[in-house]
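Novice: sequence and computational prediction follow.
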Amino acid sequence: MKNRLLFLPALLLWFPLALAQAPTGSVSFTIDPSAFPVWNFTGAYQFSNQQIVGNEAVLPLSFPVSITHDLAGRLSGAGTTIVTLGQDVAAAHYVVEGTVSGGGNATRAAFTVTLAGSGLDLIAGAPRSYKISLAYNLRVDAGALAWVAPEHGAAVTGSAQISGVGGGIVVQGDDLTVAALPPGVDGGWSVNMDILALSRLGGTATVVIHSSAAPDRAAYLPGTLTLNANLAGTFKLGSSQILLTGLAESRPTTLQLTLVKSLANGETRLGRIAGKVLGQTVSWPPVAP
């Protein structure tokens with residue numbers, strides 16, 4: 001009887017520890033984009049909320065371009081597009097260069113767009129060459145799913161020069177929205193882990209980000225970008241500390257996760273996630289000031 005009574009406290013101590021075993025196998029978390037989005041800005045955009053202002057005229061300016069968002073957060077693009085200058089349309093070669101910064105609902109994009117026309121198209125009744133240089137400073141509006149003007153300052157500044165008719169400055173229009181995000185780009189993302197638990201945690205993981213449809217798919221069909229990562233970590237008293245580091249071309253990706261296993265039902269929940277994805281700083285839940 002005495003030995004049984006001594007065994008009972010040990011059994012009661014073992015029971016919650018048994019429930020708090022290290023996570024193993026497939027563990028996935030989908031992050032609510034309304035709480036903390038991650039953006040893949042690759043896709044096609046239509047810029048139209050801008051105008052060229054000269055001494056005697058105001059010309060609405062609009063054009064489409066395609067932008068690539070790389071894994072380090074750089075924005076780039078080059079190709080041929082059609083530029084609308086008031087009532088005239090002309091072909092142009094375009095170049096996009098810039099970066100993404102911030103993160104979540106405070107994600108920003110700063111980039112330049114250069115448009116150059118060769119003079120083969122009619123502008124103001126005659127064949128004219130032109131060059132337009134634009135600098136954008138934008139923030140993401142998660143509700144509108146669009147690039148919009150910053151809280152302070154202009155969304156776009158720049159200059160335009162058209163042969164034979166002179167130049168002007170480029171200014172933002174009245175609408176705060178500068179360009180809608182491509183279909184499928186909504187800030188949604190998830191983390192999927194395959195964990196092996198021994199004396200330490202190891203395994204592999206993928207970070208999947210909602211993206212625009214591939215060029216060979218219909219625009220209404222959403223796409224995804226998958227980043228591959230190595231997984232390493234530790235487990236102690238129901239809490240797992242996990243580090244994800246990008247593999248091969250996904251190398252710029254780094255995430256630190258804290259997983260907590262419930263003593264009540266044994267479920268694993270996400271306690272915290274922080275790091276860098278596509279040039280954006282990830283920090284959820286927000287750190288108290």
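Specialist: Thanks, I have it.
Novice: shouldn't residue 139 be in contact with residue 104?
Specialist: No. Residue 139 lies out of contact with residue 104 (Cβ atoms under 8 Å); the separation is 11.3 Å. To be clear about C-beta, it is placed using only N, CA and C from the backbone, and glycine gets the same treatment.
Novice: helix or strand right after whichever strand or helix holds residue 100?
Specialist: If you go by DSSP states H and E, residue 100 is part of strand 88-101. Downstream of strand 88-101, the next assigned helix or strand under DSSP H and E is strand 108-123.
Novice: pull out the buried residues from that following strand.
Specialist: By neighbour count on 16 or more other Cβ atoms under 10 Å, the buried set for strand 108-123 is 108-109, 111, 113-115, 117, 121, 123.
Novice: which residues touch the closest residue in space to residue 201 that isn't next to it in sequence?
Specialist: In space, residue 201 comes closest to residue 233 once its chain neighbours are excluded; the distance is 3.8 Å by Cβ to Cβ, 6 or more residues apart in numbering. Residues near residue 233 by Cβ atoms under 8 Å, 6 or more residues apart in numbering: 200-202, 240-243.
Novice: residue 233 and residue 195, how far apart?
Specialist: Counting by Cβ to Cβ, to the nearest Å, the gap from residue 233 to residue 195 is 8 Å.
Novice: now do residue 42
Specialist: 30 Å.
Novice: residue 241 now?
Specialist: From residue 241 to residue 195 the distance is 12 Å (Cβ to Cβ).
Novice: so between these two, which is more surrounded?
Specialist: residue 195 (22 against 16; other Cβ atoms under 10 Å).
Novice: so the more buried one touches residue 230, yeah?
Specialist: No. Using Cβ under 8 Å, residue 195 is not in contact with residue 230; the gap is 11.9 Å.
Novice: circling back to that earlier point, which one of the buried residues of strand 108-123 sits closest to residue 158?
Specialist: The closest of the buried residues of strand 108-123 to residue 158 turns out to be residue 113 (Cβ to Cβ; 8.2 Å).
Novice: secondary structure element for the residue lying closest to that closest one once chain neighbours are set aside?
Specialist: Excluding its sequence neighbours, the residue lying closest to residue 113 (Cβ to Cβ, 6+ apart) is residue 134, at 4.5 Å. In the assignment (DSSP H and E), residue 134 maps to strand 126-141.
Novice: what's the burial count for residue 27?
Specialist: 20.
Novice: what bridges to it?
Specialist: residue 193 (DSSP bridges).
Novice: give me the pLDDT for it.
Specialist: Here, the pLDDT recorded for residue 27 equals 95.
Novice: could you report the neighbour count for residue 94?
Specialist: Residue 94: 20 neighbours (other Cβ under 10 Å).
Novice: pull the helix or strand with minimum mean pLDDT from the protein.
Specialist: helix 2-19 (a mean of 41; mean pLDDT, DSSP states H and E).
Novice: tell me the contacts of residue 269?
Specialist: 259-262.
Novice: same thing with residue 169?
Specialist: Per Cβ under 8 Å, 6+ apart, neighbours of residue 169: 52-53, 157-160.
Novice: for those residues, which one is nearest residue 285?
Specialist: residue 157 (36.2 Å).
Novice: so how far is residue 155 from the closest residue in space to the closest one that isn't next to it in sequence?
Specialist: Nearest residue to residue 157 in three dimensions, chain neighbours excluded: residue 135, at 5.3 Å (Cβ to Cβ, 6+ apart). In this view, residue 135 and residue 155 are 10 Å apart by Cβ to Cβ.
Novice: who's more crowded, those two?
Specialist: For residue 135 and residue 155, the more surrounded residue by other Cβ under 10 Å is residue 155, and the numbers stand at 24 against 16.
Novice: ok, the closest residue to the more buried one other than its chain neighbours - contacts?
Specialist: With sequence-adjacent residues excluded and distances taken as Cβ to Cβ, 6+ apart, residue 155 is closest to residue 149, at 3.8 Å. Residue 149 is in contact with 138-139, 155, 172, 176, 178, counting by Cβ under 8 Å, 6+ apart.
Novice: check the residues you listed and tell me the two furthest apart.
Specialist: Largest pairwise distance in the contacts of residue 149, by Cβ to Cβ, is 13.3 Å, between 139 and 172.
Novice: more neighbours, these two?
Specialist: Taking other Cβ under 10 Å, residue 139 and residue 172 do not tie; residue 139 has more neighbours (20 against 17).
Novice: okay, the contacts of residue 269 in a markdown table with neighbour count next?
Specialist: Listed next are these as a markdown table, based on neighbours: other Cβ atoms under 10 Å:
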| residue | neighbour count |
| --- | --- |
| 259 | 24 |
| 260 | 16 |
| 261 | 19 |
| 262 | 12 |
